[in-house]
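[1] how does the following fold in three dimensions:
(chains A, B, C and D)
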Protein chains: 2
Amino acid sequence: MVNSRIRADRAGATAAEWAVARGAAPLTQSLPEQIAAQLSERIVTGAYAPGQRIMEQAVAAEFAVSRGPVREALRLLERDGLVTILPRRGAQITNLSSAEVKEIFDIRAVLNGLRDRQLAEDPDRLRLLPALEAEVAKLARFARQPELGEAYVETVFALNRLLTQASRNRRLRMILDSLALQTLRYSKLGLSTPQRRRQSVQHWQKLVKAIRDGDGAAAERVAQQRVLDSRDAAIRQLEAHPAGASAQEGKARRAA
Amino acid sequence: MVNSRIRADRAGATAAEWAVARGAAPLTQSLPEQIAAQLSERIVTGAYAPGQRIMEQAVAAEFAVSRGPVREALRLLERDGLVTILPRRGAQITNLSSAEVKEIFDIRAVLNGLRDRQLAEDPDRLRLLPALEAEVAKLARFARQPELGEAYVETVFALNRLLTQASRNRRLRMILDSLALQTLRYSKLGLSTPQRRRQSVQHWQKLVKAIRDGDGAAAERVAQQRVLDSRDAAIRQLEAHPAGASAQEGKARRAA
DNA sequence: GTCAAGAAGATTGTTGACAATATTACAAAA
DNA sequence: TTTTGTAATATTGTCAACAATCTTCTTGAC
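    Numbers count the residues shown, from 1 in each chain, chains lettered A, B, ... in the order given. Predicted coordinates for the structure are as follows:
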């Protein structure tokens, strides 16, 4: 709980941890950005439960700053969709209904399609292939295991990061990062059965092939299908176990 | 310049003007939101030139509030991509390079495709058709005139708003609104020749037909093509007249 | 005349206090 | 026991002042 090293060294050694893929960030992160990054970490890892309210005072006290920077940090998190701010009612961790999760996956499907099509049509795409193939190979190994391990999930995320960061379209990178962050915890749900994992690996292999061949249309098709399959699997899990993604649910209050 | 009615009545009569399509806004707009809406208006109408710096003090004085709410307003505008905030250097009106304009149009193409495909596949879509057809008819009339009139441009925007607001996907609506706002001034560029306008009308007619027929694939195809054509025309204009979209350019300073 | 260094001014970043509003706890009545 | 009104508390919204940093202007040397 003692996280008040922030004031000591603002551009400290752990800055890299916090840099959650914000496009072209300045070298020195501002105080609100640092606070936002820390809170962001807690939200996506589930330390804060969906629906939970975040009090400015508590956060300010913990980081040993005044409420001003905390307020701005919350606005940054709102931009990323991680918290929802209501006037006179403060910020609370965004709680996505299964309908909203579906909406986000729908958007991710077409945007991932755009990203991968443009990547496949990029003359300079060969630079990426080795890293891409290495990750997919790892994925294929992990997929043989009967249980869903953390390594598998991590590799899938790494693949997505790799592709998104390679996109030449800055705004696309930002939107995709934001949407990926919002659905992070739900994405795992889509990989829970061995069958889904085998299918996922096949999709990735096809995608790498399409990129290697410079076949933009194929890359787009595969990318879209992959996200849509992931969407359906996640939604199925979500509706089977309504409280699925989060540790606690709903009325959780008072984190201080 | 006397815009300080803000403090008098927060939910006043002009609230509708300010409500620039923010998804499911609470009935009472907060002070930062009101300030952001006013500034947003000025930015998209060109009252503030791209690249121009916005001083917190000046805005605060004009609206008769302290710098706190102004700061939050600027963060809101940053979220919408209308201003760019640099640490210790404040906010300035976002100045899009032609490459960035192209990037945004690329994203709009696939997202408009998604929007219109889902609309065409919506069982309840018939409710929309009359309004849609009326607007397209207006468009066809205006397109016969040799000059690009304000009425034509307005109708195109109205059509887009109509479709976006009809989408059932809230997050898609928000992203599309934001992107449309950012490229508002550039969109006009894509309609400057009579030939382009005739082509545009044809696209809209095809789109309405696809929606009426419930042909999602066709709707998606037409929507994408329409945006891409608009993109190419806008980029051509932009590179022909580099200072094209904005009244003034570049180093403009000191608005107070 | 051009460039560099330093000082003066302007602007953003942060803070703590106060005001306005929302939430909770409690008591009284149905 | 449940509901409703009211008081107490907690929380957000706003402000004005101060600190840190950046910009601009002036001065001087080459």
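[2] do you know the pLDDT at A:F63?
    Model confidence at A:F63, expressed as pLDDT, equals 97.
[3] what stretches of chain A score poorly on pLDDT?
    Confidence mapping of chain A against pLDDT under 70 gives the ranges A:1-28, A:242-256.
[4] can you list the domain ranges for it.
    Domain assignment for chain A by automatic domain parsing gives A:15-93, A:98-240.
[5] turn the ones you listed into JSON lines, columns for mean neighbour count.
    To be clear about C-beta, it is placed using only N, CA and C from the backbone, and glycine gets the same treatment. Shown next, in JSON lines, are the domains of chain A (neighbours: other CB atoms under 10 Å in any protein chain shown):
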{"stretch": "domain A:15-93", "mean neighbour count": "18"}
{"stretch": "domain A:98-240", "mean neighbour count": "18"}
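[6] and these as JSON lines, adding distance to B:A137?
    JSON lines is the format used below for the domains of chain A (distance: least, CB to CB, whole Å):
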{"stretch": "domain A:15-93", "distance to B:A137": "39"}
{"stretch": "domain A:98-240", "distance to B:A137": "30"}
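[7] who touches A:F157 in this structure?
    A:F157 makes contact with A:A180, A:L184, A:S187 under the criterion CB atoms under 8 Å, 6 or more residues apart in numbering or on different chains.
[8] run the last query once more with 10 Å
    Taking CB atoms under 10 Å, 6 or more residues apart in numbering or on different chains, we find A:F157 in contact with A:A180, A:L184, A:S187, A:K188.
[9] gap between the nearest residue to the last one once chain neighbours are set aside and DNA strand D?
    Residue nearest to A:K188 in three dimensions, not counting chain neighbours: A:V153, with 5.6 Å by CB to CB, 6 or more residues apart in numbering or on different chains. Distance of A:V153 to DNA strand D, given as CB to the nearest atom of the strand, to the nearest Å: 33 Å.
[10] helix or strand: which one has A:V153?
    Using DSSP states H and E, A:V153 sits in helix A:150-166.
[11] please export the C-alpha coordinates of that helix as CSV.
    Taking C-alpha atoms only, helix A:150-166 is exported to CSV below (Å, rounded to 0.1, in the frame of the first residue of the first chain):
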residue,chain,number,x,y,z
GLU,A,150,-0.8,-17.5,-17.6
ALA,A,151,1.9,-18.0,-20.2
TYR,A,152,-0.6,-18.6,-22.9
VAL,A,153,-2.6,-15.6,-22.1
GLU,A,154,0.5,-13.4,-21.9
THR,A,155,1.6,-14.6,-25.3
VAL,A,156,-1.7,-13.7,-26.9
PHE,A,157,-1.5,-10.2,-25.4
ALA,A,158,2.1,-9.9,-26.5
LEU,A,159,1.1,-10.8,-30.1
ASN,A,160,-1.6,-8.1,-30.0
ARG,A,161,0.8,-5.5,-28.6
LEU,A,162,3.3,-6.4,-31.2
LEU,A,163,0.9,-5.9,-34.1
THR,A,164,-0.7,-2.7,-32.6
GLN,A,165,2.6,-1.1,-31.9
ALA,A,166,3.7,-1.9,-35.5
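[12] how far does that helix sit from its chain's centre?
    Here helix A:150-166 is found 10 Å from its chain centre; the criterion is CA atoms, centre = their mean, to the nearest Å.
[13] spell out whether the next helix or strand after that helix and chain B are in contact.
    Downstream of helix A:150-166, the first helix or strand assigned by DSSP H and E is helix A:170-182. Yes: using CB under 10 Å from any CB of the partner chain, helix A:170-182 comes into contact with chain B via A:R170, A:R171, A:L172, A:R173, A:M174, A:I175, A:L176, A:S178, A:L179, A:Q182.
[14] my read: the last one touches A:N95, true?
    No: using CB atoms under 10 Å, A:Q182 and A:N95 do not qualify as a contacting pair, with a distance of 11.3 Å.
[15] what's near enough to touch A:L128?
    A:L119, A:D122, A:L162, A:L163, A:Q165, A:A166, A:V208, A:I211, A:R212.
[16] the domains of chain A: which one's closest to DNA strand C?
    Ranking the domains of chain A by proximity to DNA strand C (CB to the nearest atom of the strand) places domain A:15-93 first, at 2.4 Å.
[17] any part of the closest one near chain B?
    Yes: Domain A:15-93 reaches chain B (CB under 10 Å from any CB) through A:25-33, A:68, A:71-72, A:74-76, A:78-81, A:85-89.
[18] for DNA strand D, what's its nearest residue on the stretch 51-200 of chain A.
    Residue nearest to DNA strand D within the stretch 51-200 of chain A: A:G90 (2.9 Å; CB to the nearest atom of the strand).
[19] what sits against that residue?
    With CB under 10 Å, 6+ apart, A:G90 has these contacts: A:R53, A:I54, A:M55, A:E56, A:R71, A:L74, A:V83, A:T84.
[20] ok, now A:A233?
    A:S187, A:L189, A:G190, A:L191, A:S192, A:T193, A:Q195, A:R196, A:Q199, A:S200.
[21] mind telling me what element it is part of?
    A:A233 belongs to helix A:216-240 when assigned by DSSP H and E.
[22] got the angle between that helix and helix A:150-166?
    Counting by axes from the mean of the first three to the mean of the last three CA atoms, to 10 degrees, helix A:216-240 points 140 degrees away from the direction of helix A:150-166.
[23] next one: helix A:216-240 to chain centre, how far?
    Computed by CA atoms, centre = their mean, the chain-centroid distance of helix A:216-240 equals 16 Å.
[24] touching DNA strand C at all, stretch A:76-91?
    Yes: for stretch A:76-91, a contact with DNA strand C is found by CB under 7 Å from any atom of the strand, at A:R88, A:R89.
[25] now that stretch: how far from the chain's centre is it?
    Stretch A:76-91 has its average C-alpha position 18 Å from the chain's average C-alpha position, going by CA atoms, centre = their mean.
[26] equivalent analysis for stretch A:193-204, please.
    20 Å.
[27] now swap in stretch A:74-86 and tell me
    Computed by CA atoms, centre = their mean, the separation of stretch A:74-86 from the middle of its chain amounts to 15 Å.
[28] could you do stretch A:232-244 as well?
    Distance of stretch A:232-244 from its chain centroid, counting by CA atoms, centre = their mean, is 18 Å.
[29] stretch A:124-138 too?
    On CA atoms, centre = their mean, the centre of stretch A:124-138 falls 21 Å from the chain's centre.
[30] cool, and stretch A:104-121?
    Averaging C-alpha positions (CA atoms, centre = their mean) puts stretch A:104-121 15 Å from its chain's average.
[31] need the CA coordinates for it. PDB is fine.
    Backbone C-alpha positions of stretch A:104-121 (Å, rounded to 0.1, in the frame of the first residue of the first chain) are rendered in PDB as follows:
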ATOM      1  CA  ILE A 104     -16.300  -3.200 -27.800                       C
ATOM      2  CA  PHE A 105     -15.400  -6.500 -29.400                       C
ATOM      3  CA  ASP A 106     -17.400  -5.500 -32.500                       C
ATOM      4  CA  ILE A 107     -15.300  -2.400 -32.800                       C
ATOM      5  CA  ARG A 108     -12.100  -4.200 -32.100                       C
ATOM      6  CA  ALA A 109     -12.900  -6.700 -34.800                       C
ATOM      7  CA  VAL A 110     -13.000  -4.100 -37.600                       C
ATOM      8  CA  LEU A 111     -10.200  -2.100 -36.300                       C
ATOM      9  CA  ASN A 112      -7.900  -5.100 -35.800                       C
ATOM     10  CA  GLY A 113      -8.900  -5.900 -39.400                       C
ATOM     11  CA  LEU A 114      -7.800  -2.500 -40.600                       C
ATOM     12  CA  ARG A 115      -4.600  -2.800 -38.600                       C
ATOM     13  CA  ASP A 116      -3.600  -6.200 -39.900                       C
ATOM     14  CA  ARG A 117      -4.600  -5.400 -43.500                       C
ATOM     15  CA  GLN A 118      -2.400  -2.300 -43.500                       C
ATOM     16  CA  LEU A 119       0.400  -4.300 -41.900                       C
ATOM     17  CA  ALA A 120       0.100  -7.000 -44.600                       C
ATOM     18  CA  GLU A 121       0.300  -4.300 -47.300                       C
END
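[32] perfect, that will be all.
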